[in-house]
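Colleague: Below are the sequence and a predicted model; questions follow.
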Amino acid sequence: MSDRPGKIVCVGRNYREHAKELGNAVPTQPLLFLKPSSAIIRSGDAIVSPGLSNQVEHEGEIGVVIGAPIRRATEAQALAAIRGIVALNDVTARDIQKSDPQWTRGKGFDTFCPIGPEWVGVPDFDRVEVVTRVNGVVRQRGSGAEMVFSVPVLLAYISQVMTLEPGDIVATGTPAGVGPLVPGDVVEVEVVGYSTVSNPVVAES
């Protein structure tokens, strides 16, 4: 996978319990937003907690890497276009996210998209688990089976709007248990058996 995918398409509130914990309704269709590719860091790199925010939080997710261009795809075509999966942390400045009518600023800071190494292949997504740990303590645990909208549904839906291109990443939503990150923490997102990304958190200098 290249260091900088063309785009990172993210899905909000795709786990019912996560929508509930933030006091939000479960969407009736996928809720999409974008993160900039400049937010990407790798395992071992530091997440920089920006001075503009007092509430930085982790969101562990299953990231899907696109392997072939798809436009207006069926679910079967979308599934066939997957190249692999990665562990992904949709780091969020929650206070900024809540203050802005759209989420670009709260989700888009540099270092706010740690991704793990890519596992190449197409797993049974219903059986794929994602676990987030902070300082070794489990904060989040979920699986593809718990998603409101499945991976093929998400990819087909996105492809009705924009062409998904090789190397693009789709972040499929986070399970319940999001919580704070403070300087000195180490946060790990594991897509169990496939990919792990671990990052220290530091204050903006």
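Modeller: Good, I have the coordinates. Keep in mind that this is a model prediction, so the values were computed, not measured. Residues are numbered from 1 along each chain as shown.
Colleague: which residues sit in contact with Asp124?
Modeller: If you count contacts by Cβ atoms under 8 Å, 6 or more residues apart in numbering, Asp124 has none. (Glycine included, C-beta is placed from N, CA and C.)
Colleague: Just the local confidence number for it, please.
Modeller: According to the prediction, Asp124 has pLDDT 98.
Colleague: Could you report the distance from the most centrally placed residue in the chain to Thr92?
Modeller: For the chain, the residue sitting closest to the mean C-alpha position, by Cα atoms, centre = their mean, is Ala171 at 3.8 Å. From Ala171 across to Thr92, the span is 11 Å (Cβ to Cβ, to the nearest Å).
Colleague: List the beta-bridge partners for the residue nearest to the centre of the chain.
Modeller: Residues in a beta bridge with Ala171, per DSSP bridges, are Cys10, Gly63.
Colleague: Next, count neighbours for Met162.
Modeller: Met162 has 14 neighbours, counted by other Cβ atoms under 10 Å.
Colleague: Make sure I have this right: it is in a strand.
Modeller: No. Looking at Met162 with DSSP: H, G, I helix; E, B strand; the rest coil, it is coil, so not inside a strand.
Colleague: now it: how far from Pro117?
Modeller: Going from Met162 to Pro117 by Cβ to Cβ gives 26 Å.
Colleague: repeat for Gly136
Modeller: Computed as Cβ to Cβ, the Gly136 to Pro117 distance reads 21 Å.
Colleague: For the chain, which segments are assigned as helices?
Modeller: Secondary structure of the chain (DSSP state H): helices at 16-21, 75-80, 94-99, 104-107, 151-159.
Colleague: Mean neighbour count, those helices: which tops it?
Modeller: Ranked by mean neighbour count, the helices of the chain are led by helix 151-159 with a mean of 22 (mean count of other Cβ atoms under 10 Å).
Colleague: Which other helices and strands does that one contact?
Modeller: Helices and strands touching helix 151-159, by 3 or more Cβ pairs under 8 Å, 6 or more residues apart in numbering; DSSP states H and E, are strand 60-66, helix 75-80, strand 169-171.
Colleague: out of Gly136 and Pro117, which sits in the busier spot?
Modeller: A count of neighbours by other Cβ under 10 Å puts Pro117 above the other of Gly136 and Pro117, at 15 against 7.
Colleague: Might you report the residue contacts of that one?
Modeller: Ser43, Val86, Ser195.
Colleague: most neighbours, which of these?
Modeller: Val86 (24 neighbours).
Colleague: Skipping adjacent residues, who's closest to that one in space?
Modeller: Distance criterion Cβ to Cβ, 6 or more residues apart in numbering; nearest residue to Val86, sequence neighbours excluded, is Gly63 at 4.2 Å.
Colleague: wait, what's in contact with that neighbour?
Modeller: Counting by Cβ under 8 Å, 6+ apart, Gly63 has contacts Ile85, Val86, Ala87, Leu88, Ile115, Ile169, Val170, Ala171, Thr172, Val191.
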